[in-house]
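Trainee: Got a predicted model here, sequence first, then my questions.
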Amino acid sequence: MLLLKSIVLQWLYVGLMAPFLCGVIIKTKALVVGRVGPPLFQPFYDLLKLTRKQNVYSQTTTFIFRCAPVVVLSSLLILSLFIPLISQPAPIRFAGDILMFVYLLGIGRFFLIASSFDTGFSFAGMGASREAFFSCFTEVAFFMNLIILALLAQSISLSQMIGASTPLSWPLFGPALILVVSSLFLILLAENGRIPVDDPATHLELTMIHEVMILDYSGRDLAAMLYGAMLKFLIFAGILVPLLVPVRLGQAFPDLLVFTAGLIAIAVLVGIIESIMARLRLNRVRHLLLAAFALAFFGFIVTLWSRL
Amino acid sequence: MHLFNGSNIFLKDIPVYSEPEFRGLVIAACQNGGRLLNFFGQALAADLIRLLAIVGYDDEGKIVPYATTLSGSPASYECLTKDWFAAHLFEREIAEQWAVVPREHPWLKPLRYHENYRGVPDVWPQVMAKTIPGMYPFYKVEGEEVHEVGVGPVHAGIIEPGHFRFQCHGEQVLHLEIQLGYQHRGVESLMTSGDLRRCALLSESIAGDTVVGHSTAFCEVVESLSGCLIPARAQAIRAVGLELERVANHVGDLAALSADVGFLPPAAFFGRMRGDYLNLLLTLMGNRFGKGLCRPGGVLFDIPNDMAAELIRELKVCQKEFEDVSELLFTRPSVLARFEELGVISSESAFKYGLVGPAGRASQLARDIRTDYASGIWQFYHIPVSLAATGDVYGRALVRRQEVLRSLDFLIRILSALPEGMIFVQPGPMKKDAMALSLVEGWRGELMHIAITDWKGDWARYKIKDPSFHNWTALAMSMRGEEISDFPLCNKSFNLSYAGHDL
């Protein structure tokens, strides 16, 4: 019963925060270039609008195309239950849940890629191959970061690693944490298709990565895909915030406020980065991802060194 | 015997050569300092076709016409493309319009997919029977790892229709073939059928973003044939319109380039500034795109002194803003990393393809009609030619930036010293059996109108050439070896007209 309650509360929180963060990014980008921008809650309206629309399927697609939105969204919804909201452990936690976490991400990605191949659409195929290629780098780097955190926290459960009531100490592990946080931030940008890796606002099919894979979706399916992307951003930001904000007040509500403020700060930061730099040339993206891995790798060495 | 920009000639004075002689002379002229400005056909009788090649000498500003006649069915001649590559689209056009076969043409396929004007069997009966889009021969690269990507004619953005067929190896483009023709409206034949008032409106609709350019060229052709000398004030106002059009479009291009690399601030600022320049045109003559400014005989709108002062004041504000925002765009390392070394057209290639306009000037081809074939007000005002050496996207962006600054400078100069006098004189009747030509440096480059009249003084043939006609090939070639994801950026750096090509 308690578990059920915590699951419902968690979903309520992430379910409402995810589109809001998306709105924050868009608003930030608009404000930086001197535009008014859409209202903060525009992503909610957009999702509602899409859910009221009909799904249209091309004749070349099979059941894979139809089940992908369900798998993507549900895998991300389950993933969101692994995220501890500062000092409040995640609804689902067990020793080794980080493996589950990474492979749930993998399942979502697999179905996303499979569905875009299913359309038989040359752009979607290109987007899928880019996604697959880049995720080879991000997954390794992501694992590396998790290993470091596991070593530092002496635990292989996400709730212990980042959500413990006593946070990982910056004075103690400062150097390793700086490397982990920077690496995770690059992974966040890459995984969520933000500038400099991908441009979520572009209409140019030939340059897209994430957007082109969902180009054939419409109506509720598109809403599921877009909602999934918003959740994914929240999940990655939700891993970063507890590391960046080593404040634990010990009470559920103030801690949640701190966590929320952290999420919004990350969304604003991403919005600012998108406004002040151009996107990378596609063949340079792997250098950025390798940098994320290199940061994590040095973090690993620093961690091992400090434990000797 | 030669012509100048805006001059005319009686048809009987154009030397007519035999086909081999014609070919030899045109090629020799091109190889000795000239270049092919235009090459087109005209039906003289049911089975008699006249081919006219217009060769221009940029250094001297003189223009030499060559003519030959062909008959037979199907009529054919030995193609010029073998020896002068830049002729290849002209020859495809001739083949399509007049069912004349250029023998040994390396890539002879339809350009716009319409039936020929003579009503004889087409060169490609099997292709013409189908409507666009159909199965056309595309250049193909074969192999296990090669994949083909087709883009368009329906695109994701608000752009014109065109089909792009990429042969790719992974992300790398091995070959790109561009198929246009979706915008074909038959402008050339419409021009010959209408009266002058209608033609003036038509000329403004050839390419929606080059209104002043095309209508100026049209007016100059009519004025030349009717022996009408328009007042200096009208010429100056046309130049004001032309340069405002150039500035607005170049600024819009810089905005689009910035948006394509995902760098928002200049995209937003330039986008707003493009609107400012269009609004200046609105102030000038009540239309943001310059429609209704130029008519044969002069211009329809005068610039009173207080309006000139107002325009100068606003231009100075725009000048300052443009300098600031372009500084922002051109100094950002992440932007330069995208612009530099992308879509390189070497100076030699640019010469071979016959590039014109900013795209050519970015590859060190100092071709500018305002300087090379100066007519009208350009005989008295000089805008320095803006060149870049790199021939890449950066070069094309840089040339635009320079041209905007120089055009703004010119606009402020000319608005503060507008010639006095009238703005319109009524053109008289047109010369009979004559040909007139006009070259204008539109914002995309050199555009050319040629009119031929018959024995009654009516239009017998009207030939239009948009700068895009020269430049599309270069866009396709510039993509070789580049990444397919860079195509939109490279495309935007050329920003060619589909409507201008398709006519």
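Mentor: Here it is on my side, so go on. Every value quoted in this text rests on a predicted model; they were computed, and no experiment measured them.
Trainee: for the stretch 251-400 of chain B, what spans make up the strands?
Mentor: Using DSSP state E, counting those that start in this stretch, the strands of the stretch 251-400 of chain B run over B:294-295, B:298-299.
Trainee: Ok, which of those comes nearest chain A?
Mentor: Proximity of the strands of the stretch 251-400 of chain B to chain A was assessed by C-beta to the nearest C-beta; the nearest stretch is strand B:294-295, lying at 34.6 Å. For glycine as for every other residue, the C-beta is placed from the backbone atoms N, C-alpha and C.
Trainee: helices or strands up against that closest one?
Mentor: Applying 3 or more C-beta pairs under 8 Å, 6 or more residues apart in numbering or on different chains; DSSP states H and E, we find strand B:294-295 packed against helix B:211-225.
Trainee: Could I get the CA-only coordinates of the helix it packs on as CSV?
Mentor: Extracted in CSV, the C-alpha atoms of helix B:211-225 (Å, rounded to 0.1, in the frame of the first residue of the first chain):
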residue,chain,number,x,y,z
VAL,B,211,10.8,41.4,-58.1
VAL,B,212,12.7,44.6,-58.7
GLY,B,213,15.5,42.7,-60.4
HIS,B,214,13.4,41.0,-63.0
SER,B,215,11.0,43.9,-63.6
THR,B,216,14.0,46.2,-64.1
ALA,B,217,15.4,43.9,-66.7
PHE,B,218,12.0,43.7,-68.4
CYS,B,219,11.6,47.4,-68.5
GLU,B,220,15.1,48.0,-69.9
VAL,B,221,14.4,45.6,-72.7
VAL,B,222,11.2,47.4,-73.6
GLU,B,223,12.8,50.8,-73.3
SER,B,224,15.7,49.7,-75.5
LEU,B,225,13.3,48.5,-78.2
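Trainee: Need the mean per-residue confidence for it.
Mentor: Helix B:211-225 carries an average pLDDT of 92.
Trainee: okay, the residue of chain B most remote from its centre: pLDDT?
Mentor: Here chain B reaches farthest from its C-alpha mean at residue B:144, the gap being 39.6 Å by C-alpha atoms, centre = their mean. If you check residue B:144, the pLDDT there is 87.
Trainee: Distance of it relative to chain A?
Mentor: Distance, residue B:144 to chain A, using C-beta to the nearest C-beta, to the nearest Å: 15 Å.
Trainee: Give me the phi and psi angles of that residue.
Mentor: phi -60, psi -40 (degrees, to the nearest 10).
Trainee: Distance-wise, check it relative to residue A:123.
Mentor: Note on residue B:144: its distance to residue A:123, by C-beta to C-beta, to the nearest Å, is 21 Å.
Trainee: cool, residue B:185 as well?
Mentor: 30 Å.
Trainee: okay, these two: which has more neighbours?
Mentor: Between residue B:185 and residue A:123, counted using other C-beta atoms under 10 Å in any protein chain shown, the more crowded position is residue A:123 (23 against 15).
Trainee: is it true that that one lies in a helix?
Mentor: Yes. Under DSSP: H, G, I helix; E, B strand; the rest coil, residue A:123 sits within a helix.
Trainee: give me every residue that touches it.
Mentor: Shown in contact with residue A:123 (C-beta atoms under 8 Å, 6 or more residues apart in numbering or on different chains): A:205-206, A:208, A:212, A:215, B:149, B:151.
Trainee: rewinding a little: next, format the strands of the stretch 251-400 of chain B as JSON lines and append mean pLDDT and distance to residue B:91.
Mentor: Output for the strands of the stretch 251-400 of chain B, formatted as JSON lines (pLDDT from 0 to 100; distance: least, C-beta to C-beta, whole Å):
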{"stretch": "strand B:294-295", "mean pLDDT": "90", "distance to residue B:91": "32"}
{"stretch": "strand B:298-299", "mean pLDDT": "89", "distance to residue B:91": "37"}
